[in-house]
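Student: Test case, fold it:
(4 chains)
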2 protein chains.
Amino acid sequence: MRRSDRLFQIVNYLQGRRIAVTASDIAQEFDVSVRTVYRDIQDLILTGVPISGEAGVGYLMARNHCLPPMTLEVGELETLMLGAAMVNSWTDATMAKSARSLVSKLKSVLSDKDREIFAGTALFAPYSTMQIPWTVDFSAMRAAIRDKRKVKLNYADEKGDLTKRIIRPLSLSFFGPTWLLHGWCELRKDHRNFRLDRIQDAEILEDVFIDTPETSLRHYLQRHGYKDGLHD
Amino acid sequence: MRRSDRLFQIVNYLQGRRIAVTASDIAQEFDVSVRTVYRDIQDLILTGVPISGEAGVGYLMARNHCLPPMTLEVGELETLMLGAAMVNSWTDATMAKSARSLVSKLKSVLSDKDREIFAGTALFAPYSTMQIPWTVDFSAMRAAIRDKRKVKLNYADEKGDLTKRIIRPLSLSFFGPTWLLHGWCELRKDHRNFRLDRIQDAEILEDVFIDTPETSLRHYLQRHGYKDGLHD
DNA sequence: ACACTCCTGACAATAAATGTCAGTAGCAAT
DNA sequence: ATTGCTACTGACATTTATTGTCAGGAGTGT
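Tutor: All right, here's what the predicted structure looks like:
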């Protein structure tokens, strides 16, 4: 095994671990000496990989994703940049921040010639006056989806009629100029979509839900033949 | 210089060249022997870099972009995937294809654990019934922008009134649920934006334009304090 | 045929990486 | 304070990988 391959695999190994890993563990895993592990870790840190090590504890690494060298075509890179611009303009402050740091990282690894090409691509996704504003906390809602927390909504339908309901939030979908929150509605006992701009109020509850086949996102997507061309 | 660094730099060197480059050129550029160059090229090809070599000619490489190993946070990778989904759903078939191949490449380098995390992110950008359809050839328009070709438009404004005008196309901007073509309008002698869905007809002309300070995109962006947070 | 290139194997020389050993330091528990 | 458990570093002999030289083969165009 080439050293550069081993370095890459050490990073993946550390990321797959939730608790600290000692140099001795790594040495055994990769069949090298502890001294070599110390050298490898030092080189990884020098190239910017965020590994922290504590005497008596071991090594820890934040949950990042290391991508190996990749070759992208012009169109793919344009997709990446335009996509980031769209996320920056059409999601919330948290995701916008991620989009900006992603672009910043890309720019730092692209050559000057590559950067010139982008200046000439002329594809933008600016902040848009056509956006319909929403007051829901996007990140909090995402956390509720992830942690399977029920949410109490005050929702105004297209006629302006208000309803209160408890839902199991399952996903968020971009329907420019707005977003839809998809969930299982306990009031209607069925799947429903809610436009973020029509949610008057959303309270994340302590109640946690467990997916059943009927109430799950997977079930809904399969039943409706979900189509964005990217997900399986 | 480490060998892995040199390999990466050889790729960048080849991409910066429009005509074939001999092993001898590369050897001089990097101060190594020709035999070493042959070995390096072979290793690059083995790892998937698309280099073609012809006896008597030299080496050629398609205009791709090689990214070195990168470390992305979860949010950045989510941005990337959601962005690709947005581009897939809200641009044209050409860019959608690039988006799909980008996602495919990413999936092929992500670990199984990483892929699980994405299954749980629950952020989508499906094909949307709210999209306002357009008949303009998006890719042809992008080519006109790139090649600085004037375009003859039949345009219907919001009242439905038709005008014919010749413009210098400068950029495309996403204003979900539609796109705007920005250009210098020769009829109005000023910058104008045109919704793609209101363009009845667009004919790319053979006439080529040269930017002047007044008519350029740069000028317009500076004058209007363009804001998307990603471009300088 | 000649010129110009890519390509490969073999091997001595050079460079880089590795493992062993010794020593230093930090943190927590006893 | 001592012990146990770890991270850390330098030195040096040994091992491994890489490099350059040399020789030979092949393809394309003039």
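Student: Would you mind confirming that A:S4 is in contact with B:S4?
Tutor: Yes: using C-beta atoms under 8 Å, A:S4 is in contact with B:S4, at 4.9 Å. In short, each C-beta sits where N, CA and C put it, glycine included.
Student: Can you name every helix or strand that the host helix or strand of A:I145 contacts?
Tutor: Element membership of A:I145, judged by DSSP states H and E, is helix A:138-147. Applying 3 or more C-beta pairs under 8 Å, 6 or more residues apart in numbering or on different chains; DSSP states H and E, we find helix A:138-147 packed against helix A:93-109, strand A:149-156, strand A:162-175, strand A:199-208.
Student: now with 10 Å?
Tutor: Applying 3 or more C-beta pairs under 10 Å, 6 or more residues apart in numbering or on different chains; DSSP states H and E, we find helix A:138-147 packed against helix A:93-109, strand A:149-156, strand A:162-175, strand A:178-185, strand A:199-208.
Student: Paired strands for the second one, with orientation please.
Tutor: If I follow you right, that is strand A:149-156. Here strand A:149-156 is paired, per DSSP bridges, with strand A:162-175 (antiparallel), strand A:199-208 (antiparallel).
Student: could I have it exported to PDB, CA atoms only?
Tutor: The C-alpha coordinates for strand A:149-156 follow below in PDB (Å, rounded to 0.1, in the frame of the first residue of the first chain):
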ATOM      1  CA  ARG A 149     -39.700  15.300  16.800                       C
ATOM      2  CA  LYS A 150     -43.400  16.000  16.300                       C
ATOM      3  CA  VAL A 151     -44.300  19.600  15.400                       C
ATOM      4  CA  LYS A 152     -47.400  21.600  16.300                       C
ATOM      5  CA  LEU A 153     -48.400  23.800  13.400                       C
ATOM      6  CA  ASN A 154     -50.700  26.800  13.000                       C
ATOM      7  CA  TYR A 155     -51.300  26.700   9.300                       C
ATOM      8  CA  ALA A 156     -53.200  29.000   7.000                       C
END
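Student: Can you give me the buried ones in it?
Tutor: Judged by neighbour count (16 or more other C-beta atoms under 10 Å in any protein chain shown), strand A:149-156 contains these buried residues: A:149-151, A:153, A:155-156.
Student: Show which residues not belonging to it make contact with it.
Tutor: A:136, A:140-141, A:143-145, A:161-169, A:181, A:183-187, A:192, A:194-195, A:197-209 (C-beta atoms under 10 Å, 6 or more residues apart in numbering or on different chains).
Student: follow-up on the earlier one: nearest to B:G56, of the buried residues of strand A:149-156?
Tutor: Taking C-beta to C-beta as the measure, B:G56 lies nearest A:R149 of the buried residues of strand A:149-156, at 67.6 Å.
Student: list the contacts for the residue nearest to the spatial centre of chain A?
Tutor: Centroid-nearest residue in chain A: A:M95, 8.3 Å away (criterion: C-alpha atoms, centre = their mean). Contact analysis of A:M95 by C-beta under 10 Å, 6+ apart lists A:87-88, A:138-139, A:142, B:75-76, B:78-79, B:82-83, B:123.
Student: Is there a quick PyMOL command that grabs whichever of those residues are buried?
Tutor: Buried residues within the contacts of A:M95, by 16+ other C-beta under 10 Å, are selected in PyMOL with:
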select buried, (chain A and resi 87+88+138+142) or (chain B and resi 75+76+78+79+82+83+123)
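Student: How is chain A partitioned into domains?
Tutor: Domain assignment for chain A by automatic domain parsing gives A:3-61, A:74-119, A:138-224.
Student: Go through those and name the closest to B:Q42.
Tutor: Comparing the domains of chain A under C-beta to C-beta, the one sitting nearest is domain A:3-61, at 16.3 Å.
Student: Thank you kindly, that will do.
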